[in-house]
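> sharing a sequence plus its predicted fold:
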Amino acid sequence: MDSLGGLMLASALAVAGMMVGAWVLSLIVRDASIVDTFWGLGFVLVAVVAVVLGPGVFDRRLLVLALVGIWGVRLASHILRRNWGRGEDFRYQGFRARWGAGSGG
């Protein structure tokens, strides 16, 4: 992809798709806090899009993907381990209490 705008659009669409999927999953499991785990993976997804569609030296794009991938997967796994078995985060419960059941998970 030749333009920065096109690359940014592709990245935004990919991340939006992933987060919509995470949101749908949160509705199924009735726990909106699972979206926190997907947050770090969004950076990895942007790096994947950049490797596939971006300009520049391929080896450098792979290096950036590796570094971002290590960081993003580490962040996601840390949040998943921290929240596993604890139920929905109090912040999301507060949102729902203030704004109604339609405001999330």
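Looks like it arrived, so ask away.

> who does the one helix or strand residue 76 maps to touch, helix- and strand-wise?
Element membership for residue 76, per DSSP states H and E: helix 58-83. The contact analysis (3 or more CB pairs under 8 Å, 6 or more residues apart in numbering; DSSP states H and E) places helix 58-83 against helix 35-53. Backbone N, C-alpha and C define where each C-beta goes, glycine included.

> would you mark the buried spots in the helix it packs on?
Buried residues in helix 35-53, counted by 16 or more other CB atoms under 10 Å: 35-51.

> send me that helix as PDB with only the CA atoms.
Provided in PDB are the C-alpha atoms of helix 35-53 (Å, rounded to 0.1, in the frame of the first residue of the first chain):
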ATOM      1  CA  VAL A  35     -11.900  -6.200  26.300                       C
ATOM      2  CA  ASP A  36      -8.900  -5.000  28.400                       C
ATOM      3  CA  THR A  37      -7.100  -8.200  27.300                       C
ATOM      4  CA  PHE A  38      -7.600  -7.400  23.700                       C
ATOM      5  CA  TRP A  39      -6.300  -3.800  24.000                       C
ATOM      6  CA  GLY A  40      -2.600  -4.800  23.800                       C
ATOM      7  CA  LEU A  41      -3.200  -7.100  20.900                       C
ATOM      8  CA  GLY A  42      -4.500  -4.200  18.900                       C
ATOM      9  CA  PHE A  43      -0.900  -2.900  18.700                       C
ATOM     10  CA  VAL A  44       0.200  -6.300  17.400                       C
ATOM     11  CA  LEU A  45      -2.500  -6.200  14.800                       C
ATOM     12  CA  VAL A  46      -1.400  -2.800  13.600                       C
ATOM     13  CA  ALA A  47       2.100  -4.100  13.300                       C
ATOM     14  CA  VAL A  48       0.900  -7.100  11.300                       C
ATOM     15  CA  VAL A  49      -1.000  -4.800   8.900                       C
ATOM     16  CA  ALA A  50       2.200  -2.700   8.500                       C
ATOM     17  CA  VAL A  51       4.200  -5.800   7.700                       C
ATOM     18  CA  VAL A  52       1.700  -7.000   5.100                       C
ATOM     19  CA  LEU A  53       0.800  -3.700   3.500                       C
END
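
> roughly how far does the nearest residue in space to residue 38 that is not next to it in sequence sit from residue 77?
In space, residue 38 comes closest to residue 22 once its chain neighbours are excluded; the distance is 4.2 Å by CB to CB, 6 or more residues apart in numbering. Residue 22 sits 15 Å away from residue 77, going by CB to CB, to the nearest Å.
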